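# Give the three-dimensional model of this entry:
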Amino acid sequence: MCSKTCFWIFLIIISYTGWVYTKKTAFTIGAIFHTSDDELQAIFNSAIDKLNPKYRRLPFTLKGVTIKHDGRNCLALSRNVCNSLARGVHAIIGPDSYSFSRHIGSICSRKDVPQILTRPYLPDEDHNYFTLNLHPHPVKLEQIFLDILEELDWKKFMIIYQNDDSLIKVGQLLSYKSSALTLNAIKHSGEEYFVVVCDLDTLKRFLQQAQQVGLLSEKHHYVIYNFDMSGVDVEQYQYGGCEIISVRFFDPANTEVMDTFNSLDTMIYLDHNIQIEGYTLNLETALLLDAVTLIHTIVTEHMPPDHITDQLLYCNNSDSWWHGTSFRNYMNVANVKGHTGIIRFDPEGYRSDFEVEIIELTTDGLIKIGTWNTTTGLKIQRPLIEDVIPEDDDSLVGEHFYVITVLTRPYGLMKDSTKQLYGNDRYEGFGIDIIHELSKILGFNYTIIVQEDGANGSKDEKTGKWSGMIGKVREMVADLAIGDLTITSERENAVDFTHPFMTLGISILYKKPEPVPPSLFMFTSPFSPQVWLFLGVAYVLVSLSLFVMGRLSPSEWQNPYPCIEEPEFLINQFTFKNSFWFTIGSLMQQGTELAPIGMSTRMLAGVWWFFTLIMVSSYTANLAAFLTVTTLETPFKNIEELAKQKEIKYGAKANGATAFFFRDSDRDDYRTIWKYMEKNPSVMVKENNEGVIRVQKENYAFLMESTSIEYVTERQCALDKVGGQLDEKGYGIAMRKGSTYRPLFNTAILKLQETGMLTTLRIKWWKEKLGGGTCQERSSAANVTPLDLKNVGGVFLVLGIGTFLGILMAFLELTMDVVGYMKHQNAKYRQEMKEEMRFFFEFKKNVKPVRRIGEQEGREDTVEFPFNSINYLENYINENNQNA
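Numbers count the residues shown, from 1 in each chain. I've put the predicted structure just below:
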C-alpha cells in the first residue's frame with residue numbers, strides 16, 4: 001500500500017516539475033544586422049546560448065531573434081521590427097546605420113521598448129529617452145587624445161583620415177595647432193608627427209605602405225585613433241624604432257577575455273557551422289556581447305519576475321510595453337561589468353563614465369603604458385616613451401632599404417588575389433620571403449621594386465655599364481637585389497654579395513626520355529655481348545675438354561657387350577659429337593642419355609652443371625626485368641654528348657651567368673658549346689620561362705640552374721633533368737660595393753640556415769605552392785643493364801678451374817691405369833704411356849683394343865692387335881653415328 005502511495009506522489013512531483021519547466025517565460029531580445037553580417041549574428045546567438053545554462057533555476061530564459069536588413073530599404077526594416085515586436089520582442093540591439101537607427105529608435109520610443117546601440121554617436125544625433133549607446137561618448141573619446149597630445153607635447157602634427165566621417169571624430173583636434181592633408185602629400189611634407197583616424201582594415205594597409213615609403217623610422221611618431229590596434233600584426237613594425245601610441249578598451253591577452261572569445265568561436269563553429277575568419281576580438285564584438293550581458297543582468301537582478309511577460313506589441317495601435325519605462329530606469333542605474341569595463345549611463349543615456357588603457361608599440365609588441373578615465377584623466381605609469389632600441393652604429397633597426405627583384409618564379413611573382421593589394425603585399429615568392437625573414441632579424445624596413453625587363457645584370461664590354469638589377473644597385477636606385485642572381489667573379493667586382501642563401505649548378509633541361517621500342521632480339525639483352533662471347537667460348541672449351549678427358553680416362557672405355565666378360569675391344573661414349581651434345585644438353589637444362597663414369601669427367605660435368613645453373617638463373621631473372629621494366633632512351637646523357645650531336649638545338653639565357661660560364665670556360669667541349677650559341681643567337685632566350693616553353697614545343701635543350709630545373713620538373717611532368725651539375729655556385733643578395741651592413745646580412749643568412757628556415761621556405765615554394773608536387777608520384781623507369789663479366793666473371797673462373805682440375809684428373813687416371821698394368825706385365829712405363837698417347841691422338845678411332853694380362857714382353861714386336869674385327873666394329877659404329 002505504501003509503495004503505491006509513494007509511486008503516485010513521485011509521479012505528481014515529476015509532472016509538476018515538468019509543468020513548471022515547460023511554463024518558463026522567454027524574454028526575447030531582437031538584434032538588427034546587415035544581411036552580410038553572418039559572423040555577428042552567430043556571435044549574438046551563441047552569447048545567448050552561453051548565458052542560459054548558467055541560470056537554469058530562473059523562471060525565464062533569454063531568447064534571441066535576428067532582424068536583417070540590406071542597408072537600403074528602411075521601410076522593409078521597419079516592417080520587420082514591427083513583426084518582431086508582435087512576436088514578443090521587448091529589447092532591440094542595433095542597427096549600426098545612423099539613419100536606420102533613428103527610424104527604429106522612434107518606433108522603440110513609441111512602444112517603450114529599450115534600444116541599445118553599439119556604434120559611435122554623431123554630433124547632430126537627437127536624444128531619445130529609450131535609446132542608450134554602449135559606445136563611449138565621442139566628446140569623451142576626443143578628450144582622451146587631446147590629453148595624450150598634451151602629454152606628448154607635440155607642437156604640430158598632421159591628421160591622416162580615411163573619410164569625412166573619420167574627420168568628424170577628431171573635430172576638436174583640428175583646432176589644436178594642426179593641419180589636415182591627404183595621404184599622397186605625406187611623404188614629401190617633411191612632417192614627423194601624425195594622428196591617424198581610420199578603420200582597422202585601412203589601418204593595416206596604411207602601416208604597410210608607410211613602412212614601404214620609409215615613414216615608420218625612429219624619427220616618426222604616431223597616435224592611432226582606432227580602438228582595435230591589437231588586431232594589427234605589429235611584428236614587422238616593432239623593430240623599426242617608430243613611436244606608435246593607441247587606445248584600447250580591453251587587453252586581448254587577458255585570460256577571461258581570451259576564454260570568452262575562444263569558447264564563442266567554438267560554439268559558433270559547432271552550433272552554427274560557421275568558421276570565423278579574421279580577427280573577432282574587436283570592439284564591435286565586445287560591445288555586442290556587453291549589450292547581451294547588460295540586458296541579461298537587468299532581467300535577472302533588477303526586474304521583478306511578474307514584469308517579464310509575453311505581452312505582444314503592435315505598431316498599428318497606441319499600446320506600449322507596460323514595464324518598458326521601469327526597464328529603462330533599471331538600465332540607467334545599473335553598474336554592469338562587461339568586456340569593455342564597467343557599464344554605466346548618464347541621465348541622457350550616454351556612456352560618459354569609462355576607463356581605457358593607453359598602449360605603445362615597443363620591441364616587445366604592444367604594451368600598456370598608462371590609463372585614462374573620466375574621473376582622474378590621463379595617467380602614465382612610466383616616463384613616456386623611452387628609447388628602447390639600443391644605440392648601435394652597426395644596427396639596421398629603423399633603416400629603410402629599396403629591394404629590387406625580378407618576377408621570375410618562384411623567387412618573385414605578383415600575388416594572385418581577388419582584393420586590391422598595395423605596396424609589398426602585391427608580391428610574394430622565395431626571395432620576397434627571405435627578405436621578410438631578414439627584416440625580422442635585423443629590424444629594417446623595405447620597399448619592393450621590380451626590374452621590368454627581368455634582367456639580372458651584365459656588363460657592356462664597350463661602355464662598361466651594367467644593366468639589370470646590378471646596374472640599379474650601382475646607380476643607387478635600389479639598395480639590395482635578390483632573385484635568381486648568381487654570384488660570379490665579374491659581378492663581385494661590381495657589387496658586394498652576401499653569403500649564398502642557395503647553392504646550385506648548371507644542368508640540362510630536356511624532354512622526359514622516351515621508352516625504347518621492343519627489339520626483335522630482346523632475348524639477347526640480359527647478357528652483354530662480351531658475356532655471350534665468353535659463354536660460347538666456354539661451351540666449346542668444355543666440350544673439347546670432355547672429349548679429351550673421355551679419351552684419357554680409362555674408366556670411360558667400356559665393354560660394348562656386357563654379356564662378354566673378356567671383350568677384345570672397348571668403346572668410348574664421349575666421341576667428338578657426343579661431347580658437344582652433352583654440354584649443350586646440360587646448358588639447355590634438358591640433359592642427355594650420356595652419363596660420365598670417370599672421376600675426371602664427372603668432375604668436369606659437375607662444374608659445368610654448376611656453371612649452367614648460375615648462368616641460366618641469371619639470364620632468366622634479367623630477362624624478366626627487361627620484359628617488365630620500361631627502359632627509357634635519351635638522345636644524350638651528358639653535356640659532352642649534347643655538344644657532339646647536331647640534331648638537337650641548345651641554348652641558355654642571353655647575357656646570363658650560365659652563358660658566361662661557357663664563354664669563360666677553359667674546357668674544349670664547353671668552349672664548343674659557347675661557339676655554337678654565339679654562332680646561332682636564335683637559340684638564346686630572354687627569360688627562363690621562354691626556354692622552358694621551347695623545350696616543350698621544339699627539339700631543344702635548355703641550359704639553366706639546377707634549382708630552376710627542379711622547380712620546373714615539379715610542375716611539368718613531361719620535362720626532366722639530364723646529367724649532373726656542371727659546376728657549383730650560389731645565389732646571393734647584391735648590395736653596393738663597400739656596404740657596411742654586409743656582415744650583418746651574412747650573419748642573418750647563417751642564422752636562417754641554422755634554424756632550418758631556408759629549407760622550410762624552399763619546400764614551401766618548390767614542392768607546395770604554385771602547383772608544386774604535381775609530378776611527385778610519377779614513376780621513374782628503372783635502368784636495366786645487361787650482365788657483364790663483372791657480374792658473372794666468378795662463374796667463368798670456377799668453370800675454368802674445374803676444367804683444369806678435370807684434365808689433371810684424367811691424366812692421373814691414365815697414369816694409375818698404366819702403372820697397374822706394368823705391375824702384372826713387367827712392362828716399361830714409358831713404352832706403355834707412349835702407346836696410350838699414340839692411340840689418344842688418333843681421334844678418328846673410337847674403339848680401343850683390350851690389353852691382355854700375361855702376354856709376353858716385347859709384345860710390340862710379336863703381338864698384333866686384331867684390327868680386322870676392330871676395324872669392322874669401328875666402321876659400324878661410325879656409320880651408326882652418321883645415320884644418327
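# As a check, name the ranges of all helices in the stretch 401-550 of the chain.
Taking DSSP state H, counting those that start in this stretch as the criterion, the stretch 401-550 of the chain carries its helices at 430-442, 468-474, 489-494, 529-552.
# OK, contacts around Phe636?
510, 642, 645, 648, 701, 722 (C-beta atoms under 8 Å, 6 or more residues apart in numbering). Yep, even glycine has a C-beta here, placed from its N, CA and C like the rest.
# one more time with 10 Å
508, 510, 642-645, 647-648, 650, 701, 722-723 (C-beta atoms under 10 Å, 6 or more residues apart in numbering).
# got it, and Gly536?
Counting by C-beta under 10 Å, 6+ apart, Gly536 has no contacts.
# how far away is it from Lys790?
Separation of Gly536 from Lys790 (C-beta to C-beta, to the nearest Å) stands at 19 Å.
# next one: Thr131
In terms of C-beta to C-beta, Thr131 sits 96 Å off from Lys790.
# Settle it for me: which of these two has more neighbours?
Thr131 (23 against 10; other C-beta atoms under 10 Å).
# residues contacting that one?
92, 101-102, 104-106, 108-109, 114-117, 125, 328, 348-349.
# Mark which of the residues you listed are buried, thanks.
For the contacts of Thr131, a burial check counting by 16 or more other C-beta atoms under 10 Å picks out 92, 101, 104-106, 108-109, 114-117, 125, 328, 349.
# Need the max-distance pair from those.
Maximum pairwise distance among those (C-beta to C-beta): 18.1 Å, between Glu125 and Arg328.
# Now find how far off-centre stretch 573-581 is within its chain.
70 Å (C-alpha atoms, centre = their mean, to the nearest Å).
# Could you do stretch 689-699 as well?
26 Å.
# residues of that stretch that come out buried?
691-692, 694-695.
# Would you mind writing the CA trace of the helix or strand encompassing Pro743 as CSV?
Using DSSP states H and E, Pro743 falls within helix 742-754. Output of helix 742-754 as CSV, limited to C-alpha atoms (Å, rounded to 0.1, in the frame of the first residue of the first chain):
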residue,chain,number,x,y,z
ARG,A,742,77.1,43.2,-45.4
PRO,A,743,78.4,41.4,-42.3
LEU,A,744,75.0,41.8,-40.6
PHE,A,745,73.3,40.2,-43.6
ASN,A,746,75.8,37.4,-43.7
THR,A,747,75.2,36.6,-40.0
ALA,A,748,71.4,36.7,-40.5
ILE,A,749,71.6,34.4,-43.5
LEU,A,750,73.6,31.9,-41.5
LYS,A,751,71.0,32.1,-38.8
LEU,A,752,68.3,31.3,-41.3
GLN,A,753,70.3,28.3,-42.4
GLU,A,754,70.9,27.0,-38.9
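# Can you mark which positions in it are buried?
742, 744-745, 748-749, 752.
# Excluding chain neighbours, give the residue nearest to Lys729 in space.
Thr486 (5.7 Å; C-beta to C-beta, 6 or more residues apart in numbering).
# What's the local residue count around Arg474?
Arg474, neighbours per other C-beta under 10 Å, totals 18.
# for stretch 213-220, which positions count as buried?
Buried residues in stretch 213-220 (16+ other C-beta under 10 Å): 214-217, 220.
# and if you look at stretch 606-621?
Buried, per 16+ other C-beta under 10 Å, within stretch 606-621: 607-608, 611-612, 615, 618-619.
# same question, stretch 64-76
64-69, 74.
# So which of these sit within strands?
64-69 (DSSP state E).
# so can I have a markdown table of the residues you listed showing distance to Trp321 and pLDDT?
What follows is those, written out as a markdown table (distance: C-beta to C-beta, whole Å; pLDDT from 0 to 100):
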| residue | distance to Trp321 | pLDDT |
| --- | --- | --- |
| Gly64 | 18 | 88 |
| Val65 | 16 | 90 |
| Thr66 | 20 | 90 |
| Ile67 | 17 | 91 |
| Lys68 | 23 | 90 |
| His69 | 23 | 88 |
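# still on that earlier bit, pick out the most distant pair among the buried residues of helix 742-754.
Arg742 and Leu752 (15.7 Å).
# got a list of what Gly431 touches?
403, 405-406, 408, 410-413, 448, 481-485, 501-502, 731, 733, 761, 765.
# can you check Leu132 too?
Counted by C-beta under 10 Å, 6+ apart, Leu132 has contacts 114-117, 291, 294, 328, 331-332, 343, 345-346, 348-351.
# end to end, how far does stretch 422-435 reach?
Start to finish, the residues bounding stretch 422-435 are 18 Å apart (C-alpha to C-alpha, to the nearest Å).
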